[in-house]
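K.L.:
Sharing a model that was predicted from the sequence below.
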Amino acid sequence: MTVIIVTGTSTGVGKTVVTAALAVAAGAAAKRVCVVKPVQTGVATGEPSDMASVCRLSGCGDVHELTRLGDPLAPDTAARLRGLAVTPVDELAAAIAALAADRDVTLVEGSGGVAVRLDTGGRTLLTLAGHLVESCHDVRVVVTTSLALGTLNHTELTVAAILRAGLDPTALVAGSLPAELGLAERCNLEELPRVTGVPLRGCIPAGVGSWTSDRFRRKSVGWLDSSALLGG
């Protein structure tokens, strides 16, 4: 029972397309895969959620959104703003563990970065990952990052937080690779693994979130080092 936590150095770095590409890779490897969004925020009526985008791009229909909050804010902020009670992280973890019980791979897309509070008790995605480790799941953490200027600081801080939580970050993936690389992007392809100690296992081209499902699934097989990310 492998659980892959897809987190990011910030919001908007490409976690959803990375999650979709991983879902395609898992399906291509004949693995039973499901995708979970513990907390979705900021989706207005009629707008596609992250899980709807993953489903559309990857063709994986086994997707689950556990909690939704309407305001485009961190989950605990959005809940406090409206005076709402939200599902505690330990209950979210239990729900994910139940889904993972009869899947080979369960992909969990976080909200924002690792320090973002998912409930009003101050618990985070790292808290959730810890619960899953305790329930004997093989938990891997994939950090979606950028190659742009400033990424070294953001990515080092994210990796440091994961390590402090007692978890080993599995890989970095660049979530939105520009068609033409500037000086910072070219250097950071090598600098990110050097300064973090975490290998870069894939690059997702910018703009692929608007592609058709057929095109996405056909092209995505070349974007990730699937064997390193998914394991045996």
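P.N.:
Good, I have the coordinates. Residues are numbered from 1 along each chain as shown.
K.L.:
Give me the pLDDT value at the residue of the chain positioned farthest from its centre.
P.N.:
Centroid-distance maximum for the chain: G83 at 27.4 Å, with Cα atoms, centre = their mean. For G83, the model assigns a pLDDT of 95.
K.L.:
Can you name the residues that contact T11?
P.N.:
Residues near T11 by Cβ atoms under 8 Å, 6 or more residues apart in numbering: S111, G112, G113. Glycine gets a C-beta too; all of them are placed from N, C-alpha and C.
K.L.:
Now stretch 191-199: buried residues?
P.N.:
Across stretch 191-199, burial judged by 16 or more other Cβ atoms under 10 Å covers E191, L192, P193, T196, V198.
K.L.:
Tell me the buried residues in the helix or strand A23 falls within?
P.N.:
Element membership for A23 (DSSP states H and E) is helix 15-28. Neighbour-count burial for helix 15-28 flags 15-27 (criterion: 16+ other Cβ under 10 Å).
K.L.:
From these, pick the one nearest A44.
P.N.:
Set against A44, the nearest of the buried residues of helix 15-28 by Cβ to Cβ is T16 (16.5 Å).
K.L.:
mind listing what the closest one touches?
P.N.:
So T16 contacts D50, S53, V54, E109, G209 (Cβ under 8 Å, 6+ apart).
K.L.:
Near P38, how many other residues are there?
P.N.:
Look at P38: counted by other Cβ atoms under 10 Å, it has 25 neighbours.
K.L.:
Just the endpoints, please. Distance across stretch 177-186?
P.N.:
Stretch 177-186 has an end-to-end distance of 11 Å (Cα to Cα, to the nearest Å).
K.L.:
Out of the contacts of T11, who's the most crowded?
P.N.:
S111 (26 neighbours).
K.L.:
and it, that's in a helix?
P.N.:
No: counting by DSSP: H, G, I helix; E, B strand; the rest coil, S111 is not found in a helix; it is coil.
K.L.:
which residues are contacting the one helix or strand N188 maps to?
P.N.:
Here N188 sits within helix 183-196, counting by DSSP H and E. Identification of contacts with helix 183-196 by Cβ under 8 Å, 6+ apart yields 145, 147-149, 151-152, 155-156, 159, 169, 172, 174, 177-178, 181, 198-200.
K.L.:
Just the ones of these in helices?
P.N.:
Among the contacts of helix 183-196, DSSP state H puts T151, L152, T155, E156, V159 in helices.
K.L.:
Spatially nearest residue to the third one, not counting backbone neighbours?
P.N.:
When you say that, I think you mean T155. In this structure, T155 finds its nearest non-sequential neighbour in T145, 4.8 Å apart by Cβ to Cβ, 6 or more residues apart in numbering.
K.L.:
how deep is that neighbour tucked in, by neighbour count?
P.N.:
29.
K.L.:
isn't it right next to V6, touching?
P.N.:
No: with contact defined as Cβ atoms under 8 Å, T145 does not count as touching V6 (11.5 Å).
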